[in-house]
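Undergrad: Make a model of this:
(one chain, ligands or ions: 1)
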Amino acid sequence: MTGQLIGPIAITDVAHGGWGVGRWDGRVVFVSGTLPGETVTAEVTEQRSKLWFARTSEVHAASPDRVDHIWPLAATTGVGGADLGHVALPAQRRWKQAVLEQQLRRLAHQEVAVTVEAAPGDDADNGLGWRTRVSFTADQDGRLAMYVPYSDQLVAVDSMPLAAAAITAAAPWRERFPAGHRVTLVQSASGPIHAVLTPPAAGRSAAPTTADEGPPSRQPDWDLTDASSLVMVEGGPAAPVITEQVVWAGRQLTYQVAADGFWQVHRQAPEVLVAAVMAALPDTARTVFDLYAGAGLFAQPLAAQTATRKVIAVEGDSRAALRLAANLQAYPAARSYQGEVRRLLADSALPRRADAVVLDPPRAGAGRAVVAALAERRPDTIVYVACDPASLARDVALLADQHYGLSQLRAFDLFPHTHHIEAVAVFQRQ
Ligand SMILES: C[S@@+](CC[C@H](N)C(=O)[O-])C[C@H]1O[C@@H](n2cnc3c(N)ncnc32)[C@H](O)[C@@H]1O
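TA: Numbering: from 1, shown residues only. Here you go, the predicted model:
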């Protein structure tokens, strides 16, 4: 029964998604806000047949790895994604390591030992201030707010400890926006913070309203702050292009990115991932695919490394693909394609052979058809950048079926205080 208090529950394990796992009354219970080794009472939030989900309401025996939550509002409401904010940073990394190893064991039947590497500067900053992109939804009163997980409830916020310091300083905390609009604050390599305002997506309702409390009719005040630190822009096709920079092997690479387009969120993530991907690829590879390329984070250093290398970069989103093409313009041997990866691999537009492949799929992973189409091209090396350990593990199993063995796995803590983890897996043809 939702809302029921259950316990005491001994937490014995962790599960993907930021859950501690225990048993109560013969059932498996997934509990948020706890740690292995703890005993807690928890409030049931959801029941799915025999699986129950609950949130910690009282800790009877605390783990030595428990700390005061980095964000009290998140501790009580769950907003902002800081679901491991009550766990000491080194223990968060052990937690993520356990989840990654567990997913590979369960879904790929492979025993792999991995160490989760911290991003430069995070230990000194206690894992705070890393987000260069933060999204809010305006609540019924037009305030910047965030959703309580698994609900439509919005909670107004006036700080966000994971956001880069420049975002926190420039954020329009006291401004009012049209209810239901999304406000994304973006810090780029240079220039002001952009506040990108996007109406609710078609089909998705705005923040719930009641007859008594309609959304505020006032439009935002467009010159609300010091224009040198914050500019308000529209999302969608009218979104401006901003500049990002990445230093790789002593070179400074410059990228155009739509202000509301995909870019790795942790301030160090672009450099950490480019270094890891480039180190995993043989520099002799002549034809290299970069699939799910975004604005070309990996495609550009791949092309810059060897002038004659044929880089084949594929991106599905039309606006990101425009930026991808622009970011590869200086490299005559590189080609960019806009389209769905599976479809483009299936038709004859892309080369039939590749020496190496980089892929960075969305959370759902690559899947059977893409893995099979890659294997047909017989690359010696596949470098897979993964943001979801379960999807990675499923694709590891599919790649093994196609005779690609996992030769290296690195994991990076690019989302401190959240359960998320980024991995770079390298496969060799056997
Ligand atoms: C995780 S992002 C990675 C982007 C880029 N590698 C980076 O790190 O900046 C995944 C990208 O894949 C694109 N994408 C998602 N599904 C796709 C599909 N089925 N076909 C082509 N592109 C897709 C998204 O638009 C997004 O830009």
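Undergrad: Now the helix or strand where residue 300 lies - C-alpha only, PDB.
TA: Residue 300 belongs to helix 299-305 when assigned by DSSP states H and E. The C-alpha coordinates for helix 299-305 follow below in PDB (Å, rounded to 0.1, in the frame of the first residue of the first chain):
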ATOM      1  CA  ALA A 299      34.300  13.100 -34.800                       C
ATOM      2  CA  GLN A 300      36.400  16.200 -34.700                       C
ATOM      3  CA  PRO A 301      39.500  14.900 -32.900                       C
ATOM      4  CA  LEU A 302      39.200  11.700 -35.000                       C
ATOM      5  CA  ALA A 303      39.400  13.900 -38.200                       C
ATOM      6  CA  ALA A 304      42.000  16.200 -36.700                       C
ATOM      7  CA  GLN A 305      44.300  13.300 -35.800                       C
END
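Undergrad: Check what contacts it and list those residues.
TA: Contact with helix 299-305 is made by 246, 248-249, 251, 253, 255, 274, 277-278, 281, 283, 288, 290, 293, 309, 311, 313, 324, 327-328, 331, 333-334, 336, 358, as judged by C-beta atoms under 8 Å, 6 or more residues apart in numbering. In this view, the C-beta of every residue, glycine as well, is placed from N, C-alpha and C.
Undergrad: Of those, which count as buried by neighbour count?
TA: If you count burial by 16 or more other C-beta atoms under 10 Å, the buried members of the contacts of helix 299-305 come out as 246, 248, 253, 255, 274, 277-278, 281, 288, 290, 293, 309, 311, 313, 324, 327-328, 331, 334, 336, 358.
Undergrad: and the ligand, which of these reach it?
TA: Among the buried ones among the contacts of helix 299-305, the residues lying close to the ligand (C-beta under 6 Å from any ligand atom) are residue 293.
Undergrad: Which ones among the buried ones among the contacts of helix 299-305 lie within strands?
TA: Among these, the ones falling in strands (DSSP state E) are 246, 248, 253, 255, 288, 290, 311, 313, 336, 358.
Undergrad: Quick one: those as CSV, columns for pLDDT and distance to residue 185 too.
TA: Output for these, formatted as CSV (pLDDT from 0 to 100; distance: C-beta to C-beta, whole Å):
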residue, pLDDT, distance to residue 185
246, 98, 21
248, 98, 27
253, 98, 24
255, 98, 19
288, 98, 34
290, 98, 28
311, 98, 32
313, 98, 28
336, 98, 29
358, 98, 29
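Undergrad: what's the helix ranked longest in the chain packed up against?
TA: Ranked by residue count and defined by DSSP state H, the top helix of the chain is helix 89-108. Under the contact criterion of 3 or more C-beta pairs under 8 Å, 6 or more residues apart in numbering; DSSP states H and E, helix 89-108 touches strand 5-15, strand 116-118, helix 389-401, strand 404-413.
Undergrad: what inclination does the helix or strand where residue 385 lies have with respect to helix 389-401?
TA: For residue 385, the element it lies in under DSSP H and E is strand 381-386. Comparing the axes of strand 381-386 and helix 389-401 via axes from the mean of the first three to the mean of the last three C-alpha atoms, to 10 degrees yields an angle of 160 degrees.
Undergrad: Relative to the ligand, which residue of the stretch 51-200 of the chain is the closest?
TA: The nearest approach of the stretch 51-200 of the chain to the ligand comes at residue 133, 11.8 Å away (C-beta to the nearest ligand atom).
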